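J.: My questions concern the predicted model and sequence given below.
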Amino acid sequence: MKTFVVALLAMFLLVAPVCAQEQKSAAAPAHGATPTPAITITAESTPTELARAAFLAFGGEKFRNLQNVVMRGSVQLYPPNSVQSIPGSFSLVTAGPKLRMEIDARPAIVFKQIFDGQNSYSSMPNVEMPPLTKFGLGALARYDQPGFQITALANKKKQRAFRIVDPDGYTTDFYIDPTTGRVMSFLLYFGGFTLGTEHSKFKEIEGVLVPWSFSQKFEMPMGAFFAEFSAKDVKINQPLGDDAFAIPR
């Protein structure tokens with residue numbers, strides 16, 4: 001069970017950089033609308049230009065400057081070598097480095113993780129939380145900051161690809177739509193494991209593109225864990241209570 005929780009936590013943390021980059025709450029228009037990148041992607045586009053196009057496609061500075069997000073939705077969990085899913089719900093609150101997340105897939109699993117900016121709590125002992133802003137869309141939001149390295153990758157089918165490595169060596173491989181600049185999938189490498197996310201639906205909230213439905217895969221020696229997430233309710237830059245990140249005593 002602990003192995004399953006660790007895998008689930010690793011996958012769930014991929015959601016945090018995604019959600020933490022959304023903008024102020026509003027009624028979301030149809031997911032077909034996309035912020036227009038200021039850079040046209042061509043066969044000669046450099047890795048840095050590809051990263052900038054993706055950054056702008058997700059909302060540019062609005063994507064970078066979010067303060068907090070509250071997200072709730074449903075999740076289907078698939079243990080290794082299983083076609084039968086475990087249905088559940090998830091909730092996530094982030095504000096800068098702070099995080100509170102809960103997964104409820106009773107009776108199989110109920111899990112809670114909190115980081116208040118200094119201290120960490122987990123309902124499962126010895127489950128550590130990796131940094132939230134060093135990989136995935138969290139790294140994309142900081143692609144042009146000092147110490148980040150951007151290099152070329154081989155394209156995947158029609159998707160253009162590039163790699164971002166943060167100053168501490170956290171690595172994410174991005175695959176983007178060559179027309180819109182949207183990140184369609186990304187891979188990150190953490191603790192010797194490979195974690196992947198594929199986006200299937202987006203919504204735009206006040207100029208910020210939000211991945212709304214997405215699947216994730218976590219490769220482990222005993223097999224691959226899968227999870228399918230679907231957002232139901234998202235609130236952005238809302239007043240948070242003093243107890244939003246309170247650690248149980």
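T.: Done, it's in.
J.: could you check the distance from the residue nearest to Val110 when sequence neighbours are not counted over to Asp243?
T.: The shortest distance from Val110 to any non-neighbouring residue, by CB to CB, 6 or more residues apart in numbering, is to Asp104 (5.4 Å). All C-beta atoms are positioned from the backbone trio N, CA, C, and that covers glycine. Distance of Asp104 to Asp243, given as CB to CB, to the nearest Å: 19 Å.
J.: With neighbour numbers in mind, choose between these two.
T.: Of the pair Asp104 and Asp243, Asp104 is the one with more neighbours under other CB atoms under 10 Å, namely 14 against 8.
J.: Who are the packing partners of the strand or helix carrying the more buried one?
T.: Taking DSSP states H and E as the definition, Asp104 sits inside strand 98-105. On a contact count with 3 or more CB pairs under 8 Å, 6 or more residues apart in numbering; DSSP states H and E, strand 98-105 meets helix 2-13, strand 68-78, strand 86-95, strand 109-115.
J.: in that strand, what counts as buried?
T.: Under the neighbour-count criterion of 16 or more other CB atoms under 10 Å, strand 98-105 has 98-103, 105 buried.
J.: quick one on the thing from earlier: out of the helices and strands packed on strand 98-105, which comes closest to Phe226?
T.: The minimum distance between Phe226 and the helices and strands packed on strand 98-105 falls on strand 68-78, with 3.9 Å, by CB to CB.
J.: could you say what helices and strands the closest one packs with?
T.: Using 3+ CB pairs under 8 Å, 6+ apart: strand 68-78 touches helix 15-19, strand 86-95, strand 98-105, strand 223-236.
J.: With distance to Gly136 and mean pLDDT as extra columns, can I get the ones you listed in CSV?
T.: Below are the helices and strands packed on strand 68-78 laid out as CSV (distance: least, CB to CB, whole Å; pLDDT from 0 to 100):
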stretch, distance to Gly136, mean pLDDT
helix 15-19, 4, 48
strand 86-95, 13, 89
strand 98-105, 14, 86
strand 223-236, 13, 85
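J.: Let me have the ones you listed in a markdown table, adding distance to Lys158 as columns.
T.: Below are these laid out as a markdown table (distance: least, CB to CB, whole Å):
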| stretch | distance to Lys158 |
| --- | --- |
| helix 15-19 | 23 |
| strand 86-95 | 32 |
| strand 98-105 | 34 |
| strand 223-236 | 24 |
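J.: Need the winner for burial among the ones you listed.
T.: Burial of the helices and strands packed on strand 68-78 is given as mean neighbour count (mean count of other CB atoms under 10 Å); helix 15-19 ranks first at a mean of 25.
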